[in-house]
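[1] any chance you can model this:
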Amino acid sequence: MSVTQLVGYANVVNESDSPYGAGWTFAGVGRLRLYNNDPQVGSGALVLLGDGRAHWFAKQGNSYLRPAGTFMKLVEQSGSFTLTDAWGTQRTFESIGGGWYVMTSRQERWGDETLYQYTDADNDGQQDDLALITDPWGRQVAFTYASGNMTITLDGQGPLQAPIWSYRNGRVTQYEYD
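    Residues are numbered from 1 along each chain as shown. Predicted structure coming up:
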């Protein structure tokens, strides 16, 4: 029997409480969780980027320390957060309550901005269910929720022949294509 010892750190994130269902995320649509004097993790911000990456920014005074091995910067201003990556892309996160923040915009270094809007589709009191994405050219993708299903509409062209997600108690229970 051989034993391998790993030295370093790892971010382990349980997405069981994702607004899109247990374990589900939308690629590129991030969330942020703020912790203040939590007995397990202390004070800081956990940024979930929607592509499986998660980064912990420990709070030190009024600043957030960048995670080792990254070139990202997290700044809090006027109740929102801005995350800037090594390429100059800025993601803005706005509070939805309970320590959670949703990504409301992503601006590339050359100025192209994508906007994200949310709704409370599962009636949990938080505007955390994606409702509309508007790209830099004004094209829109709308997400509507009814009878436990999500419908995706691209630029007003009607429902896409795309996945249908069935929800029960705010969680995805079935994933299928038309």
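[2] next, count neighbours for residue 153.
    For residue 153, the tally of surrounding residues (other Cβ atoms under 10 Å) stands at 16. C-betas here are computed from N, CA, C, even on glycine.
[3] for the helix or strand containing it, name the packing helices and strands.
    Take DSSP states H and E as the rule and residue 153 turns out to sit in strand 149-154. If contacts are counted by 3 or more Cβ pairs under 8 Å, 6 or more residues apart in numbering; DSSP states H and E, strand 149-154 sits against strand 140-146, strand 163-168.
[4] so where's this structure shaky on pLDDT?
    1-27, 148, 156-178 (pLDDT under 70).
[5] which residue comes closest to the most centrally placed residue in the chain once chain neighbours are left out?
    The centroid of the chain falls nearest to residue 30 when counting by Cα atoms, centre = their mean (2.2 Å). The spatially closest residue to residue 30, leaving aside those adjacent along the chain, is residue 103, at 4.2 Å (Cβ to Cβ, 6 or more residues apart in numbering).
[6] which residues does the residue nearest to the centre of the chain contact?
    Residues counted as contacts of residue 30 (Cβ atoms under 8 Å, 6 or more residues apart in numbering) are 47-50, 83, 91, 93, 102-103.
[7] and the angle from the helix or strand harbouring residue 131 to strand 140-146?
    Assessed by DSSP H and E, residue 131 sits inside strand 129-134. Angle, strand 129-134 to strand 140-146, by axes from the mean of the first three to the mean of the last three Cα atoms, to 10 degrees: 160 degrees.
[8] partner strands of strand 129-134, with direction?
    strand 113-119 (antiparallel), strand 140-146 (antiparallel) (DSSP bridges).
[9] report the buried residues of the last one.
    Buried residues in strand 140-146, counting neighbours by 16 or more other Cβ atoms under 10 Å, are found at 142-143, 145.
[10] who's the nearest residue to residue 33 once chain neighbours are set aside bridged to?
    Of all residues not flanking residue 33 in the chain, residue 46 sits nearest, at 4.6 Å (Cβ to Cβ, 6+ apart). Beta-bridge partners of residue 46, counted by DSSP bridges, are residue 33, residue 56.
[11] over to residue 91?
    residue 83, residue 106.
[12] so what's the residue count around it?
    That count, for residue 91 with other Cβ under 10 Å as the rule, works out to 25.
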